[in-house]
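Student: okay, predicted coordinates and the sequence, questions at the end:
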There are 2 protein chains.
Amino acid sequence: MVVNDVGPRDGLQSQGKILTPECRSGLIKNLVNVGLTNIEAGSFVSPKAVPQMAGADEVFRSLPNTDSVRYAALVPNMKGYELAVAAGAHVVNVVLSVTETMNQKNINMSLQKTADVCVDIVKRAKSEGVSAQAYLAVAFECPFEGRVDPDVVRHYAELMNKAGADKIIIADTIGAANPASVRDVLSAVASVVSLEQVACHFHDTRGMALANILAALDAGVREFDSSIGGLGGCPFSPGASGNVATEDVVLMAQSMGFETGIDPLALVPVVRAAETLTGVELGGKSFRWLSKEADKAAGGDVNGR
Amino acid sequence: MVVNDVGPRDGLQSQGKILTPECRSGLIKNLVNVGLTNIEAGSFVSPKAVPQMAGADEVFRSLPNTDSVRYAALVPNMKGYELAVAAGAHVVNVVLSVTETMNQKNINMSLQKTADVCVDIVKRAKSEGVSAQAYLAVAFECPFEGRVDPDVVRHYAELMNKAGADKIIIADTIGAANPASVRDVLSAVASVVSLEQVACHFHDTRGMALANILAALDAGVREFDSSIGGLGGCPFSPGASGNVATEDVVLMAQSMGFETGIDPLALVPVVRAAETLTGVELGGKSFRWLSKEADKAAGGDVNGR
């Protein structure tokens, strides 16, 4: 099972505190050191719109160049694509919100225009030998339009798959999915794309992220986004809170016998370092327990925090 | 789907602050007012051992006598059974930890002796027309003996079922279950008891409680313990933290289309009142989101807490 940490991008971009490229690079290196192999390391968007991501090229250029890790970059347009590839991103991610209003409010473009841009980027990436992934955002519920019809998600999954996307990521941008809707959407998507090519991105806003992941695992999905310590949220999505925490996903996977290559206890110091960096309290639902276990393993006070 | 709030017993018994019977009764009335129909209202144990439960008879006698609500009492022995019935409990709960060491450490009795006591109480209850439920505690993992074989759980489920227990409650006392082990244990138990007669009790120590509930729902279980605001823990079980929060369970159930008769938003003021009563910060994983929604519904500040 693949755990893709999006903390350095999706997580950090919604934080009030803006971290230097060096700090962001440090966070990513921590993730690499504990075995994360898939990391969304930044986005090539306008630094005016998202100052948290300024200097993404610097971040990418500073990363350990190892064959075992794939660094992804979110790219909103062709210019961002070119910058990402020039900076050495292994994977480019495009984001297609599947409702009209979300596109208008979020990036001031029509859904059709965004879809065209995403298709163009994916096609060019594939023609240039670059891996490309397509996020379908607000795939369960849109903060402006409400519940999204699974057939709409199916339609855009097919569109991006035909454009050549290596992976389609079904994103519950505002954390409104539940296990039943996860099954409905994945069932619709599975009719046009093999679920081996599908990943899921859940936010833990309503506490159901791990249950949603279980529903997706049952359906056959084997790749999930998460962010270290649950870092994140989306500044453009009212009501969204953090991504599901990497440590929660890794612990559940390990408990169930799915191999992730990551020791959940090793994530504890990474969460603590991310807390120090961002100045916000982090940690998923399992973090208190993991911390205790990590302290015990280190020979520390069993009754400590 | 039935949600059984065990906050007034399992939740409160591990709190440092000891609440008067009047306060505990107030908490229970709050739960009744928002639609909880199954509540564990107290236990008839020695007030020396568990001072938090002193005056349980007073609590039971003060409760609104409505046909639609079933108040349960935990009883550790025949004397407790008699007191519970005299105080008007509708249901008596016996607890059988399924490992030797847990019984020795928890109540200083052998597993065999505890099983005998539980069987005797259930048989007497049934002969006297009292509803009786049997908890199988540490059914997934024992804090002293480690992982529990599902066949052991099956064995005691069969024993208690044969004794006449109306319900067998599979309890993850230390929050160590995962969806795979839930499936394993329920599959073993289903070979001796219909899952319609089975409930599950999860703690959210490792953040997997809702995923475990989903696994149990998929298996056919339709009754779950929870505690308001996630109140709780177990003082005798190292590493245990709170029960899964009632609001989290109700919200997931509602989202998935299972009827509980409870409006998750109506639970917000009950959680807040329980916080005031206990002096501890409460609230499940969905509580921040629910609070915002409840404030919005009340016409309050959308951006408030």
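Tutor: Good, I have the coordinates.

Student: for the host helix or strand of A:Leu290, which helices and strands make contact with it?
Tutor: Per DSSP states H and E, A:Leu290 falls inside helix A:287-297. In terms of contact count using 3 or more C-beta pairs under 8 Å, 6 or more residues apart in numbering or on different chains; DSSP states H and E, helix A:287-297 is assigned the packing partners helix A:246-256, helix A:267-278. Every residue, glycine included, has its C-beta placed from N, CA and C.

Student: if you set the cut-off to 6 Å instead, what comes out?
Tutor: helix A:267-278 (3 or more C-beta pairs under 6 Å, 6 or more residues apart in numbering or on different chains; DSSP states H and E).

Student: so what's the backbone phi/psi at the closest residue to A:Arg70 other than its chain neighbours?
Tutor: Residue nearest to A:Arg70 in three dimensions, not counting chain neighbours: A:His90, with 4.5 Å by C-beta to C-beta, 6 or more residues apart in numbering or on different chains. When read as degrees, to the nearest 10, the backbone of A:His90 gives phi -80, psi -30.

Student: count of neighbours near A:His90?
Tutor: 17 (other C-beta atoms under 10 Å in any protein chain shown).

Student: try the one 3 residues further on
Tutor: Neighbouring residues of A:Asn93 were enumerated by other C-beta under 10 Å; the total is 27.

Student: equivalent analysis for A:Lys123, please.
Tutor: 15.

Student: need the contact list for it.
Tutor: Contact analysis of A:Lys123 by C-beta atoms under 6 Å, 6 or more residues apart in numbering or on different chains lists A:Ala163.

Student: quick one: name whatever helix or strand follows whichever strand or helix holds it.
Tutor: For A:Lys123, the host element (DSSP H and E) is helix A:111-127. The helix or strand immediately downstream of helix A:111-127 is strand A:131-137, counting by DSSP H and E.

Student: kindly export that next one (C-alpha atoms) in PDB.
Tutor: Written as PDB, here are the backbone C-alpha positions of strand A:131-137 (Å, rounded to 0.1, in the frame of the first residue of the first chain):
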ATOM      1  CA  SER A 131       4.500  11.100 -14.900                       C
ATOM      2  CA  ALA A 132       1.100  13.000 -14.500                       C
ATOM      3  CA  GLN A 133      -1.600  12.500 -12.000                       C
ATOM      4  CA  ALA A 134      -5.100  14.100 -12.000                       C
ATOM      5  CA  TYR A 135      -6.900  15.100  -8.800                       C
ATOM      6  CA  LEU A 136     -10.600  15.200  -9.000                       C
ATOM      7  CA  ALA A 137     -11.400  17.700  -6.200                       C
END
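
Student: in the sheet, which strands lie alongside that strand, parallel or antiparallel?
Tutor: strand A:91-97 (parallel), strand A:167-172 (parallel) (DSSP bridges).

Student: mind listing what's buried in the helix or strand following the first one?
Tutor: Following the chain from strand A:91-97 toward its C-terminal end, the next helix or strand by DSSP H and E is helix A:100-107. By neighbour count on 16 or more other C-beta atoms under 10 Å in any protein chain shown, the buried set for helix A:100-107 is A:102-103, A:105-107.

Student: run the chain-centre distance for helix A:100-107.
Tutor: Remark: helix A:100-107 is offset 20 Å from the chain centroid, using C-alpha atoms, centre = their mean, to the nearest Å.

Student: show me the contact partners of it.
Tutor: Residues outside helix A:100-107 that contact it (C-beta under 6 Å, 6+ apart): A:97, A:109, A:111, A:114, A:138, A:142, A:144-145, A:236.

Student: nearest to A:Glu128, of these?
Tutor: Checking the contacts of helix A:100-107 against A:Glu128 by C-beta to C-beta gives A:Thr114 as the nearest, at 21.3 Å.

Student: distance check, the closest one against chain B.
Tutor: 27 Å (C-beta to the nearest C-beta, to the nearest Å).

Student: now that residue: closest residue in space, sequence neighbours ignored.
Tutor: Nearest residue to A:Thr114 in three dimensions, chain neighbours excluded: A:Asn103, at 4.9 Å (C-beta to C-beta, 6+ apart).

Student: how about A:Ser25: what's its closest non-neighbour residue?
Tutor: Once flanking residues are discounted, A:Ser25 sits nearest to A:Ser62: 4.4 Å by C-beta to C-beta, 6+ apart.

Student: my guess is the one you found contacts A:Arg24, does it?
Tutor: No: applying C-beta atoms under 6 Å as the test, A:Ser62 and A:Arg24 come out as separate, 9.1 Å apart.

Student: the more surrounded of those two?
Tutor: Neighbour count, other C-beta under 10 Å: between A:Ser62 and A:Arg24, A:Arg24 has more, with 26 against 16.

Student: any idea of the mean pLDDT for the helix or strand that contains that one?
Tutor: According to DSSP H and E, A:Arg24 maps onto helix A:21-33. Regarding helix A:21-33, the rounded mean pLDDT is 97.

Student: show me what the following helix or strand past it is packed against.
Tutor: Once the chain leaves helix A:21-33, the next helix or strand it forms, by DSSP H and E, is strand A:38-43. The contact analysis (3+ C-beta pairs under 6 Å, 6+ apart) places strand A:38-43 against strand A:2-5, helix A:21-33, helix A:56-62, strand A:70-74.

Student: now the residue in the stretch 101-250 of chain A that chain B sits nearest to: how far from B:Asp248?
Tutor: Of all residues in the stretch 101-250 of chain A, A:Gly207 sits closest to chain B, at 2.9 Å by C-beta to the nearest C-beta. In this view, A:Gly207 and B:Asp248 are 5 Å apart by C-beta to C-beta, to the nearest Å.

Student: lowest-pLDDT helix or strand in chain A?
Tutor: Within chain A, confidence by mean pLDDT, DSSP states H and E is lowest for helix A:287-297 among all helices and strands, at a mean of 92.

Student: ok, A:Ile174 to A:Ser46 distance?
Tutor: Taking C-beta to C-beta as the measure, A:Ile174 falls 23 Å from A:Ser46.

Student: A:Gln112 now?
Tutor: Taking C-beta to C-beta as the measure, A:Gln112 falls 22 Å from A:Ser46.

Student: out of those two, which sits in the busier spot?
Tutor: A:Ser46 (14 against 10).

Student: show me which residues of the stretch 1-150 of chain A are close to chain B?
Tutor: Remark: no part of the stretch 1-150 of chain A is in contact with chain B, using C-beta under 6 Å from any C-beta of the partner chain.

Student: just checking, what packs against the host helix or strand of A:Lys162?
Tutor: Per DSSP H and E: A:Lys162 is located in helix A:150-163. Using 3+ C-beta pairs under 6 Å, 6+ apart, the elements in contact with helix A:150-163 are helix A:111-127, strand A:131-137, helix A:179-190.
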